[in-house]
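1. Only the shape, not the letters, is given here:
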Ligand SMILES: Nc1nc2c(ncn2[C@@H]2O[C@H](COP(=O)(O)OP(=O)(O)OP(=O)(O)O)[C@@H](O)[C@H]2O)c(=O)[nH]1
């Protein structure tokens with residue numbers, strides 16, 4: 001199962017804090033035991049896990065259609081073998097119910113929730129098995145392995161218990177209704193008991209599968225977080241920042257929207273390391289990251305691109321607003337006082353701001369413009385903001 005992310009989700013993830021682990025809350029509530037067994041995650045992670053699972057299900061549905069189609073043909077042949085005089089009727093029942101559920105295989109541009117599509121497919125198809133075998137002599141008993149067996153693969157792809165129950169219970173009720181009508185009472189009782197036992201086993205498989213998939217989801221999420229973030233400061237890593245910025249730059253170009261970046265560098269950082277030691281230098285890098293991040297809009301993002309160099313990307317932001325944001329960051333950093341046993345450590349930053357211009361070939365060109373402006377801020381005395389000139393005016 002792939003837990004891939006679309007560009008929008010990627011951007012959301014960029015602003016998230018470190019991934020949460022399995023955070024099943026303490027305290028008793030209905031379903032708490034099932035939650036514990038399934039390794040249920042905290043609400044946000046569970047929502048994300050559910051979306052990933054829905055994507056997988058949506059992708060799998062068309063392929064399942066081919067498998068189910070072959071199944072319908074094979075069971076039609078089985079009908080002929082059991083009672084060929086009834087087979088035309090049973091095959092028609094099977095086909096009509098399966099065709100009724102067939103729209104569920106298609107995505108319909110995402111107009112219908114995946115849960116509904118799954119329900120339409122599974123309930124009609126399992127209903128087709130139950131109804132047509134109820135028409136055959138002893139058919140319900142003979143078809144029991146297929147009817148109950150089909151629930152196990154379902155539990156593997158849909159391990160969420162409530163959803164699973166919504167899928168398997170309607171065909172189970174249909175089985176009980178028709179079984180009570182066509183089977184002798186002792187046979188019916190025994191079939192109902194076996195059906196109930198299989199339901200319990202299917203629930204156990206779903207719980208176990210849910211636990212495995214959630215562990216897989218958490219591991220993949222933690223790995224993605226580590227790959228996309230700077231391990232020291234927790235802000236975006238260079239590669240991920242460039243990936244996100246490339247996407248936002250393409251959007252800004254396409255729709256003629258503004259976008260600006262600020263590149264910043266801690267002034268005389270070498271002296272901090274030399275005087276206070278690398279541990280204090282590291283703590284200062286974290287403090288600067290925090291101070292700058294708090295000055296940004298929710299749509300902006302901030303990453304570390306070098307030793308003591310950071311970049312802030314501001315989509316939908318023009319030159320003036322970017323300069324104001326850069327100035328806020330400068331002031332926020334200047335206010336930092338890092339308490340150490342040797343005394344309070346302070347620092348300043350220099351910033352270069354560049355606004356997107358049609359002449360910037362790509363994000364690298366915009367970055368180079370901000371870097372040149374940063375160089376001018378350093379040369380001009382540090383602790384200041386410099387704006388990159390428009391490329392045409394250079
Ligand atoms: N503590 C710590 N230091 C780092 C890290 N990465 C880079 N540095 C240090 O950052 C310093 C950068 O020094 P320089 O490039 O000379 O720049 P500067 O001293 O800040 O001077 P200006 O940029 O010109 O104001 C070097 O001493 C690097 O060792 C890190 O992750 N942790």
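-> Cool, got the structure. Not measured: the values here are computed from a predicted model.

2. Low-confidence stretches in the chain?
-> Scanning the chain for pLDDT under 70 picks out 1-30, 392-394.

3. tell me the SS of the residue of it most remote from its centre?
-> Ranked by distance from the centre of the chain (CA atoms, centre = their mean), the top residue is residue 85, with 52.0 Å. Here residue 85 takes the helix state, with states given by DSSP: H, G, I helix; E, B strand; the rest coil.

4. Close to the ligand: what parts of the stretch 251-394 of the chain are there?
-> Within the stretch 251-394 of the chain, the positions adjacent to the ligand are 265-270, 273, 278, 281-282, 285, 307-308, 378, 382 by CB under 6 Å from any ligand atom. In this view, the C-beta of every residue, glycine as well, is placed from N, C-alpha and C.

5. rerun that using 8 Å as the cut-off
-> 265-274, 278-282, 284-285, 306-308, 350, 378, 382 (CB under 8 Å from any ligand atom).

6. so residue 389 sits in a strand?
-> No - applying three-state DSSP, one finds residue 389 to be coil, outside a strand.

7. Is the residue nearest the centre of the chain in a helix, a strand, or coil?
-> When CA atoms, centre = their mean is applied to the chain, the residue found nearest the centroid is residue 48 (4.7 Å). Here residue 48 is recorded as helix under three-state DSSP.

8. At which residues are the strands of the stretch 251-394 of the chain located?
-> Here the stretch 251-394 of the chain has its strands, by DSSP state E, counting those that start in this stretch, at 259-266, 301-304, 309-315, 338-340, 343-345, 349-355, 385-387.

9. Neighbouring strands - and their directions - for the last one?
-> Spelled out, that is strand 385-387. Strand 385-387 sits in its sheet next to strand 349-355 (parallel), going by DSSP bridges.

10. Which residue would be the closest one in the stretch 151-300 of the chain to the ligand?
-> residue 281 (2.7 Å; CB to the nearest ligand atom).

11. burial measure for the residue lying closest to that residue once chain neighbours are set aside, as a count.
-> In this structure, residue 281 finds its nearest non-sequential neighbour in residue 273, 4.2 Å apart by CB to CB, 6 or more residues apart in numbering. Counted with other CB atoms under 10 Å, residues neighbouring residue 273 total 17.

12. doesn't residue 279 make contact with residue 273?
-> No - in this structure, residue 273 is not within contact of residue 279 by CB atoms under 8 Å, at 9.6 Å.

13. For residue 235, list the residues it contacts.
-> Taking CB atoms under 8 Å, 6 or more residues apart in numbering, we find residue 235 in contact with 229, 289, 293, 302, 303, 304, 310.

14. Can you report phi and psi for the first one?
-> Phi and psi for residue 229, reported as degrees, to the nearest 10, are phi -120, psi 150.

15. residues contacting the closest residue to it other than its chain neighbours?
-> On the basis of CB to CB, 6+ apart, the spatially nearest residue to residue 229 that is not a chain neighbour turns out to be residue 237, at 5.6 Å. Counting by CB under 8 Å, 6+ apart, residue 237 touches 227, 228, 229, 230, 303, 304.

16. Return the distance of the residue nearest to the fourth one when sequence neighbours are not counted relative to residue 367.
-> It stands for residue 230. Excluding the flanking residues, the one nearest residue 230 by CB to CB, 6+ apart is residue 304, at 4.3 Å. According to CB to CB, to the nearest Å, residue 304 and residue 367 sit 14 Å apart.

17. Which one's more surrounded, these two?
-> Taking other CB under 10 Å, residue 304 and residue 367 do not tie; residue 304 has more neighbours (23 against 20).
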